[in-house]
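> Give me a model of this one.
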Amino acid sequence: MPEQFALAEGVRTAVAVAAPLGLALSIRQAWLGWAVFAAFWTCLCDAPSPDALRRQRLGLFVLCGGAIAFVGSWSASLAPAAGMIAGSLLVFLSVFLSSGVTNGAQLGTLLAVVSVVAAGFGHPFALAAIQGVAFIAGATWAFALITIVWPLEEEGPLRRSASALVARLGDMTMELIALGEGPHGDSQWHHEYSQHRRAVRIATERLREMIDRYGHGPHLVAARYSSALHAAETLFGALIALDHAFIHHLAPDAERRKVARAVLSALAAIRGMIAGGGAGHARLRRTLGRLEQLRGTLSDPLMTGCTLALCEALDSFAPEGRGTAEPAPAAAQPRLWRGLRGTSLREALRQAVGVGVVYYAALTFHLGYPYWATMAVVVVLQSGFRATWTRSIERVLGSLLGGMAALVLLHLLRHEIALFVIAVGFSLLTIALRMFNYTVFVVFLTMLFVIVAEMLQPGAGIASARMVDNLVGSVAALLSVMLLWPDFGPPLRQRIADGLEANRRYRDAVRGDEAAAVVHDARRSAGLASVDAEVAFTDRLGRLLRREPATAAATTALREMRGMAGEAAVAWHLRRARAPDPR
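Okay, here's the model as predicted:
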């Protein structure tokens, strides 16, 4: 997701890391490494939310992380196997209790990371206390930098998510325009069938989830993005109808291309409204005027209905309230504590057991840095098998690439100042790329950890140990999710059946002249069910474990699913063309 590149957050993290790292190198105190990583982890814990909730959650991380850094280290020094017990127990508590915090998944994961790292550095009481103080010092410095010294725009994550959605709609539109008079790429089944529809639907749900994080109502920053979400969904419906028209040649080719180019103009206007400022409103008015002119030149009712949908999408931003978007009900600012979830106990137990097993294996096989293996378990293990499998592949690949790159850098560069500059640069890139792509994120994260560890606590085989330990931890996470309360989800045939039924309901809602709100809800449900079925079909490992081959019947059903969605979208926009213009 290139739109999620967060340069400002990366630069701020580089400043947060540079100060304690420079201090640690200048006074030659390795224990200050805890301040370095505490500052980095605090920046990583800064998840999108309203500013008040972010401050509360970050403050909680500073306090709990400092306590864990002390307790985990001291407990691990009490007996030979105490680290395994202390690490597993602290991971359980971190994951279980953080599930009750609003948007606390990242908080729980990072506290669990602190737990396993602290358990890997067993120290007596005094040294453990110093370790805890170092953590609090580094985390407090980063907290002050984030919340007081260098606060960033509150709605930045919302803007990036909205921009990503507009970009995915643009990708889908550009492919239609590029067709010219040639055949549509999805006329026949292929491996990337319906990829644009999936990408748009996933980006739509990400923006919806982001808006939910901020709350609703005209007095909150999320209000503008609620309009953007409605506009994008309305435009997406028109694009599905247009896509179906290109496949089946339902309208004159020249008119299809005109409307496709008009979609790009509408997307540019939406992009301007997302950016804010008076220029966005001026462009919106000009685009609406051009759409009105285009509508007068069209002879095909389907293309007329699609153009009306583009006007409706832009009307979502109209200050006069002409748009058909219903305002979301006002909601209070989210509170920090939301209560424990029913599944949180099982997830915490799975994490704790996985950490304990890996810690035991690391001690048995004398892995050089066992906390890196347990850390991999914590960050790779997800609630479902498919997500865990994907994350494990990305983690292993990123660790291998990052480890090898770090080995090359350490071989070529031995000067401390050069390594310091490189480490600070890697901290910038790691945070800036954390939502861009997980594999790339892990590449730079691995290089950062290896280089900082080499500068503060030199040792043989740090990079290779990082690669091996991440492989061990990722495999253990996979085994944990497969053996402890496995959740593979419904079988493929059930997902396809659900997708067909959801799309059938969507088509019937349009043909039955149901209200617009009912049709919109049915369209969203059909889109989500289609994505679920298509992703399950492309999950080869999941199908292999279930012994579900990719049959011709499955591909036929997926094509039928897409066809019904297209038919419903066409029927809806033909219905719009026949109805009086609500504007």
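
> quick one, phi psi at residue 337?
As for residue 337, its main-chain torsions (degrees, to the nearest 10) stand at phi -100, psi 120.

> ok, it touching residue 99?
No - with contact defined as Cβ atoms under 8 Å, residue 337 does not reach residue 99; the gap is 10.9 Å. Just so you know, the C-beta spots here come from the backbone N, C-alpha and C atoms, and that holds for glycine as well.

> Compare these two (neighbour count), which wins?
The residue with more neighbours, out of residue 337 and residue 99, is residue 99; 21 against 12, by other Cβ atoms under 10 Å.

> what number of residues lie near the nearest residue to the more buried one once chain neighbours are set aside?
Closest residue to residue 99 apart from its sequence neighbours, by Cβ to Cβ, 6 or more residues apart in numbering: residue 344 at 3.4 Å. Residue 344 has 18 neighbours, counted by other Cβ under 10 Å.

> What of residue 171?
Around residue 171 there are 13 residues (other Cβ under 10 Å).

> Let me see the contact set for residue 362.
370, 373, 374, 469, 472 (Cβ atoms under 8 Å, 6 or more residues apart in numbering).

> hang on, I meant residue 525
So residue 525 contacts 502, 505, 506 (Cβ under 8 Å, 6+ apart).

> tell me the SS of the residue nearest the centre of the chain?
Centroid check for the chain by Cα atoms, centre = their mean gives residue 435 as the closest residue, at 5.9 Å. When classified by DSSP: H, G, I helix; E, B strand; the rest coil, residue 435 comes out as coil.

> so it touches residue 9, yeah?
No - assessed by Cβ under 8 Å, residue 435 is found out of contact with residue 9, at 9.5 Å.

> Test my guess that residue 145 contacts residue 18.
No - Residue 145 is beyond contact range of residue 18, at 10.9 Å (criterion: Cβ under 8 Å).

> coming back round to it: of the contacts of residue 525, closest to residue 441?
The shortest gap between residue 441 and any of the contacts of residue 525 belongs to residue 502, at 33.8 Å (Cβ to Cβ).

> residues near the residue lying closest to the closest one once chain neighbours are set aside, how many?
Closest residue to residue 502 apart from its sequence neighbours, by Cβ to Cβ, 6+ apart: residue 529 at 3.8 Å. The tally of other residues near residue 529 (other Cβ under 10 Å) stands at 22.

> Looks to me like residue 529 is in a helix.
Yes - looking at residue 529 with three-state DSSP, it is inside a helix.

> about what we covered before: save the contacts of residue 362 as JSON lines, and put in pLDDT too.
Formatted as JSON lines, the contacts of residue 362 follow (pLDDT from 0 to 100):
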{"residue": "370", "pLDDT": "79"}
{"residue": "373", "pLDDT": "85"}
{"residue": "374", "pLDDT": "87"}
{"residue": "469", "pLDDT": "79"}
{"residue": "472", "pLDDT": "81"}
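
> what residues are up against residue 426?
444, 447, 448, 451.

> Look up how far residue 22 lies from the residue nearest to residue 141 when sequence neighbours are not counted.
Leaving aside its sequence neighbours, residue 141 sits nearest to residue 39 (Cβ to Cβ, 6+ apart; 5.9 Å). Per Cβ to Cβ, to the nearest Å, residue 39 is found 12 Å from residue 22.

> who's more crowded, those two?
The neighbour comparison of residue 39 against residue 22 (other Cβ under 10 Å) goes to residue 39, with 29 against 14.

> other SSEs contacting the helix or strand hosting the more buried one?
Under the criterion of DSSP states H and E, residue 39 resides in helix 33-44. Counting contacts by 3 or more Cβ pairs under 8 Å, 6 or more residues apart in numbering; DSSP states H and E, helix 33-44 is packed against helix 7-27, helix 51-76, helix 105-119, helix 125-144, helix 416-432, helix 438-456.

> got the contact list for the residue nearest to residue 288 when sequence neighbours are not counted?
Once flanking residues are discounted, residue 288 sits nearest to residue 314: 5.4 Å by Cβ to Cβ, 6+ apart. Contacts for residue 314 (Cβ under 8 Å, 6+ apart) come out as 231, 266, 269, 270, 284, 287, 288, 291.

> Flag the least confident of the residues you listed.
On pLDDT alone, residue 284 ranks lowest of those, at 90.

> Need the phi and psi values for that one.
Dihedral angles (degrees, to the nearest 10) for residue 284: phi -60, psi -50.

> Is the closest residue to it other than its chain neighbours in a helix, a strand, or coil?
Nearest residue to residue 284, sequence neighbours excluded (Cβ to Cβ, 6+ apart): residue 269, at 4.8 Å. Here residue 269 is helix, with the state taken from three-state DSSP.

> got the contact list for residue 269?
280, 283, 284, 286, 287, 288, 314.

> ok, of the residues you listed, which come out buried?
With burial judged by 16 or more other Cβ atoms under 10 Å, the buried subset of the contacts of residue 269 is 280, 283, 284, 287, 288, 314.

> Stretch 44-55: which residues count as buried?
Per 16+ other Cβ under 10 Å, stretch 44-55 contains these buried residues: 44, 45, 46, 47, 48, 49, 50, 53, 54, 55.

> ok, the second one to residue 227 distance?
Looking back up the chat, that one is residue 45. From residue 45 to residue 227 the distance is 30 Å (Cβ to Cβ).

> cool, residue 59 as well?
33 Å.

> More neighbours: those two, which one.
More crowded of residue 59 and residue 227, by other Cβ under 10 Å: residue 227, with 24 against 15.

> mind listing what residue 496 touches?
Residue 496 neighbours (Cβ under 8 Å, 6+ apart): 533, 537, 554, 557, 558, 561.

> shouldn't the third one be in contact with residue 492?
Same thing as residue 554. Yes - counting by Cβ under 8 Å, residue 492 is a contact partner of residue 554 at 6.7 Å.
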